[in-house]
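Student: need coordinates for the following:
(one chain, ligands or ions: 1)
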Amino acid sequence: STSGERTAKAERMFELMDGFLKNDPLSLQKDILDHVEYTVARSRFSFDDFEAYQALSHCIRDRLIERWHDTQLHFKRKDPKRVYFLSLEYLMGRSLSNSIINLGIRDQCADALSQLGFEFEVVAEQEGDAALGNGGLARLSACQMDSLATMDFPAWGYGLRYQYGLFRQVILDGFQHEQPDYWLNFGNPWEIERVHVTYPVKFYGTVEEEILNGEKYKIWIPGETIEAVAYDNPIPGYGTRNTITLRLWAAKPSNQHDMEAYNTGDYIDAVVNRQRAETISSILYPDDRSHQGKELRLKQQYFFVSASLQDIIRRFKDVHKDFNKFPDKVALQLNDIHPALAIPEVMRVFVDEEHLGWNKAFDLTCKIFSFTTHTVQAEALEKIPVDLLESLLPRHLQIIYDINSYFMEELKKRIGLDYNRLARMSIVEEGAVKSIRVANLSLFCSHTVNGVSKLHSELLQTRVFKDFYELWPEKFQYKTNGVTQRRWIVVSNPNLCALISKWLGTESWIRDIDLLIGLREYATDISLHQEWQMVRRVNKMRLAEYIEATSGLKVSLDAMFDVQIKRIHQYKRQLLNILGIIHRYDCIKNMAKDDRRKVVPRVCIIGGKAAPGYEMAKKMIKLCHAVAEKINNDSDVGDLLKLVFIPDYNVSVAELVIPGADLSQHISTAGHEASGTGSMKFLMNGCLLLATADGSTVEIIEEIGEDNMFLFGAKVHEVPTLREKGSTIKVPLQFARVVRMVRDGYFGFQDYFKSLCDTVEGNSDYYLLGADFGSYLEAQAAADKAFVDQEKWTRMSILSTAGSGRFSSDRTIQDYAEKTWGIEPCRCPL
Ligand code: F58
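Tutor: Residues are numbered from 1 along each chain as shown. The predicted structure follows:
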């Protein structure tokens, strides 16, 4: 069309546009009712809470889309350097409340609903969790997306759109059972399907050579092609118009028809085969330890990496003619080593498709990648069997070999012919099963490797990646994790949020967390104390109601609510907690009746999922139930001690439990928790911590001081010596006694618990439960003592919140932006 026609068309478009969607309660009501009729297809005269949730979500979605379009257009015009965050896991939880709060229209929505006869909280409860991840790493990604949007960074998240999220945990007779989480059953208003944003992803096949203009090139002739379809999830920032994209890929059968199959007449088989393609993005692996050598897992990794890179390179090429500026425009962040196939894939595209030549391609590659590791366990570092890689991605294996030869040459220049060390550092591991060490590949090809806490980084430098650190110390950084205060205070603890804003005289801390420190000034103010206690009690009430609804158990609000919620792991030592509870029970039983009056009442709350194949973790869950059964039904004990296992722990459950906790436990054996982020959420909410000096706790101590928490246990440097001592360590008598109670069948299931008891006795006590038991009990006693003094407890609680600013993901992201990615804010004008 001519330019005159185009202008006329644009003018007409403007005429037809009503302006932006309005956010006053009346406009919202109209929009909700429209969505009830036209999206949900119900009558505006009769719809229920769930339908109200659907309609409201669509209203919010419309508003998100407006801002998202503006933001994307703004980024396009400005063409800033962008960060692309590659992660196989995101634990987003619910989106409605979070979006409404970030859009700044919480009160308007609540008003609109209430005039229609609905209650906001009840409507928000209708939403299910998006649980596309396992634990800490995945929730961290979600917090970081929120911070990236809020701080106006030009960022994209990429991941997989699993059809089955993390399994639902069902407890039957005290045992964990896993049920599939088919979370898309009721539709997902928070995603936008981009039917036209699709890329072919190839697998299998052979590598051949071709000659082009006298040069030899490798070409990969794939054996299978699967289509990746984009689903965009807009992520709104708080206090800004910026709304960024989390793009998740779903696998669909490719449109390239296999004529052969159709011609032979086996139509049904051909269609069924195509349908199988979808399995690639169907299931999240529920193991949060390691995944080794599974073909489907490898396919998932490559599928999402390949689609994301095609998308990223296409976006770059829309604007730039050659690749010289690639590192100035693109930062690729590998969230752990699971997306590390991005490295050989970028090399393949540069060398085989863009014909940049090996040296230039490698130079560019090394400038764009950074990675963050989330573990201390060397055994969690992924290895890919060469056989598997060779069949699935033959060209990538060649590229990795080429990178490794170059790496070995470089190494020899630095360290000479130290063959042991060369073998240790090599990307290719020889041995019974020849395999690729993904961590070594990532270390060599990334410009930066980050740990997730100061202590974690020290362990990486001195143990896990020592060889690499000695040669390339400049690559090593750390960014202590953080969590977003938007979700973990504003959404989940609205009363505390209002109280903080009242005393600080501003809501600015929601964007500028450093202001929280201002609460320190009022830590001894009696009127703040009263209001603080009131807020905490209301939260405890909410939690007590939930406990009663899920387990039938009535708990006293005067008791200390003592919580440990996280994935179940031996190193996280839920068993230490349970043995401590048995000890407490035993003490109460053996006390004279009169003395029982001195006991500080407790409600012990444990929650978490065990990986389906993790036997010891499953036994801990059963033990918790067996002990609870005994204690909760013992009339000698009454309200002095209760034990509750909260089933199906997830993000939404955490939002309810954390604000209601008085004390929370973070009790991993020192040197095992890379960071830990649960502790940060509790800290923000004024819950006191009972913890070992592990992961980020070390830095929490720096912020709030040892006096404001209950610290115990062996320090990192003491752990190796204690392990060497093994059974010669003097273990407290009480420890032997409680383990014996379990062994002797005091809680039933004697045979079943035997192997669990074996893991904590004598030389087998790898996680040092026995060695730490004495100081654990002392810390518990100190917590009891402090709890009786409510003034002291409240002061400690206020100081915890006041000191939590350093643990906001806003600070983490600011650090990444400056020190690792080299990106700057790009704020969309209002
Ligand atoms: C967790 N790792 C760390 N890994 O355990 C925790 O200390 C840290 O705070 C958190 O990351 C965030 O940095 C973690 O969650 C996994 O879930 C992996 C999933 C895939 C396989 C290997 C473990």
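
Student: send the alpha carbons of stretch 801-816 over as CSV?
Tutor: In CSV, the C-alpha atoms belonging to stretch 801-816 read as follows (Å, rounded to 0.1, in the frame of the first residue of the first chain):
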residue,chain,number,x,y,z
THR,A,801,12.9,-7.7,59.3
ALA,A,802,14.9,-4.5,59.6
GLY,A,803,18.1,-6.4,58.8
SER,A,804,16.7,-8.3,55.8
GLY,A,805,17.3,-5.7,53.1
ARG,A,806,20.5,-7.3,51.8
PHE,A,807,18.5,-10.4,51.0
SER,A,808,16.3,-8.9,48.4
SER,A,809,16.7,-10.2,44.9
ASP,A,810,16.7,-6.6,43.8
ARG,A,811,20.2,-6.3,45.3
THR,A,812,21.3,-9.6,43.7
ILE,A,813,20.0,-8.5,40.3
GLN,A,814,21.7,-5.1,40.6
ASP,A,815,25.0,-6.9,41.3
TYR,A,816,24.5,-9.2,38.3
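
Student: contacts for stretch 411-431, please.
Tutor: 383, 386, 400-401, 403-404, 407-408, 434-437, 440-441, 444, 467-468, 471 (C-beta atoms under 8 Å, 6 or more residues apart in numbering). (C-beta placed from N, C-alpha, C; glycine too.)

Student: swap in stretch 518-529?
Tutor: Under C-beta under 8 Å, 6+ apart, the answer for stretch 518-529 is 500, 503-504, 509, 791, 794-795, 798-799, 801-803.

Student: on that earlier part again, can you select the buried ones from the contacts of stretch 411-431 in PyMOL?
Tutor: In PyMOL, a selection of the buried entries from the contacts of stretch 411-431 looks like this (16 or more other C-beta atoms under 10 Å):
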select buried, resi 383+386+400+403+404+407+435+436+437+440+441+444+467+468
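
Student: show me the contacts of stretch 411-431 that map onto strands.
Tutor: 383, 435-437 (DSSP state E).

Student: can you redo these as TSV with distance to Glu278 and pLDDT?
Tutor: Listed next are the ones in strands among the contacts of stretch 411-431 as TSV, based on distance: C-beta to C-beta, whole Å; pLDDT from 0 to 100:
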residue	distance to Glu278	pLDDT
Lys383	28	93
Ser435	29	96
Ile436	27	97
Arg437	31	97
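
Student: which one of those is nearest Lys216?
Tutor: Ile436 (25.1 Å; C-beta to C-beta).

Student: contact partners for the nearest residue to the closest one once chain neighbours are set aside?
Tutor: Leaving out its chain neighbours, the residue that sits closest to Ile436 by C-beta to C-beta, 6 or more residues apart in numbering is Ile384, at 4.5 Å. For Ile384, the contacting residues are 293, 298, 435-436, 438, by C-beta under 8 Å, 6+ apart.

Student: how close does Ile384 get to Asp70?
Tutor: 42 Å (C-beta to C-beta, to the nearest Å).

Student: what about the residue in the chain that the ligand sits nearest to, neighbour count?
Tutor: Proximity of the chain to the ligand (C-beta to the nearest ligand atom) peaks at Gly136, 2.9 Å away. For Gly136, the count of nearby residues is 24 (other C-beta atoms under 10 Å).

Student: where do the helices of the stretch 501-650 of the chain begin and end?
Tutor: 526-551, 574-589, 615-632 (DSSP state H, counting those that start in this stretch).

Student: right, and these - which one's nearest Lys9?
Tutor: That would be helix 526-551 among the helices of the stretch 501-650 of the chain, by C-beta to C-beta, at 54.5 Å.

Student: so which bits of the closest one are buried?
Tutor: 528-529, 531-532, 535-536, 538-540, 543-544, 546-547, 551.

Student: regarding stretch 473-483, how distant is the last residue from the first?
Tutor: Stretch 473-483 has an end-to-end distance of 28 Å (C-alpha to C-alpha, to the nearest Å).

Student: quick one: is stretch 120-133 near the ligand?
Tutor: No - applying C-beta under 6 Å from any ligand atom, one finds stretch 120-133 separated from the ligand by no less than 7.3 Å.

Student: narrow the contacts of stretch 411-431 to those in helices?
Tutor: The helices, defined by DSSP state H, take in 386, 400-401, 403-404, 407-408, 440-441, 444, 467-468, 471 from the contacts of stretch 411-431.
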